[in-house]
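S.K.: Need coordinates for the below:
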Amino acid sequence: QEMSEQNSTLNQRLKQSSEEIDNLRQYLREARAEALTDGLTGVANRKYFDETIRMRIAEAREEGADLCLVMGDIDHFKTFNDRWGHQTGDQVIRFVASSMTAHTLPDHLVARYGGEEFAIIMPRTSLERAQKVANNVRSAIQAKKLMRRSTNEPLGQITISFGISMLTASDTTQSFIERADSCLYQSKKNGRNKVTTEAETQNQSAA
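M.R.: Presented below is the predicted three-dimensional model:
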């Protein structure tokens, strides 16, 4: 009887320990997800972007697959922020992030790169396909008429510019990002609310 009681006590302790371990694992999963998520928008943060791009580059090289990187920047955001204030600016950033998530594919990673700048990592995606997805996002953002929450005033048209690079054999992580940024700069230079790919910048250089 004494052994039976001891076994029962041990079983209860084991069950309790197992539950505590499960709770701890869940807590660690949630803490990691929180550490990798942008607090304002709910998309991936810069840390998650940095981890993922390194992993996707290694994966693309191992598989011999395409990998595209899209860099995006909300047009005239500083002017907009100065006029309407930071709370309304945050509303716009959240809207852009949700639009990007809604119009990209499940294995694409949408990240807030910093401030009003965003990035999309697109594994196994050609330059043409990446351009099409980015244009879908751009059109969806342009089409939406936002209102200021506190006063219902129209905020005017929100637009975003994009630049797209495709991984090459000689790329480092830094050069891959820099080329997408360079394409983004061309979109800004050519009037904003545009998507510019490497193929287009190369054609312009050749011309």
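
S.K.: all helices of this protein, in order?
M.R.: Assigned helices in the chain, in chain order: 2-35, 46-63, 77-84, 86-102, 127-143, 173-189, 198-206 (criterion: DSSP state H).

S.K.: any chance of those in TSV, plus distance to Ala119 and mean pLDDT?
M.R.: C-betas here are computed from N, CA, C, even on glycine. Listed next are those as TSV, based on distance: least, C-beta to C-beta, whole Å; pLDDT from 0 to 100:
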stretch	distance to Ala119	mean pLDDT
helix 2-35	18	78
helix 46-63	6	95
helix 77-84	16	90
helix 86-102	10	94
helix 127-143	11	96
helix 173-189	8	97
helix 198-206	16	67
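
S.K.: For those helices, give me TSV that also has distance to Ile158.
M.R.: Shown next, in TSV, are the helices of the chain (distance: least, C-beta to C-beta, whole Å):
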stretch	distance to Ile158
helix 2-35	28
helix 46-63	22
helix 77-84	8
helix 86-102	6
helix 127-143	6
helix 173-189	15
helix 198-206	24
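
S.K.: Out of those, the one nearest Met71 is which?
M.R.: Distance to Met71, taken as C-beta to C-beta, is lowest for helix 173-189 among the helices of the chain, at 4.2 Å.

S.K.: May I have the closest one as PDB, with CA atoms only?
M.R.: Provided in PDB are the C-alpha atoms of helix 173-189 (Å, rounded to 0.1, in the frame of the first residue of the first chain):
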ATOM      1  CA  THR A 173      24.000  39.500 -48.200                       C
ATOM      2  CA  GLN A 174      25.100  43.100 -48.200                       C
ATOM      3  CA  SER A 175      25.400  43.400 -52.000                       C
ATOM      4  CA  PHE A 176      22.100  41.700 -52.500                       C
ATOM      5  CA  ILE A 177      20.400  44.300 -50.300                       C
ATOM      6  CA  GLU A 178      22.300  47.200 -51.800                       C
ATOM      7  CA  ARG A 179      21.200  46.300 -55.300                       C
ATOM      8  CA  ALA A 180      17.500  46.200 -54.300                       C
ATOM      9  CA  ASP A 181      18.100  49.600 -52.500                       C
ATOM     10  CA  SER A 182      19.600  51.000 -55.700                       C
ATOM     11  CA  CYS A 183      16.500  49.900 -57.700                       C
ATOM     12  CA  LEU A 184      14.400  51.500 -55.000                       C
ATOM     13  CA  TYR A 185      16.400  54.700 -55.500                       C
ATOM     14  CA  GLN A 186      15.600  54.600 -59.200                       C
ATOM     15  CA  SER A 187      11.900  54.300 -58.500                       C
ATOM     16  CA  LYS A 188      12.100  57.400 -56.300                       C
ATOM     17  CA  LYS A 189      14.200  59.300 -58.800                       C
END
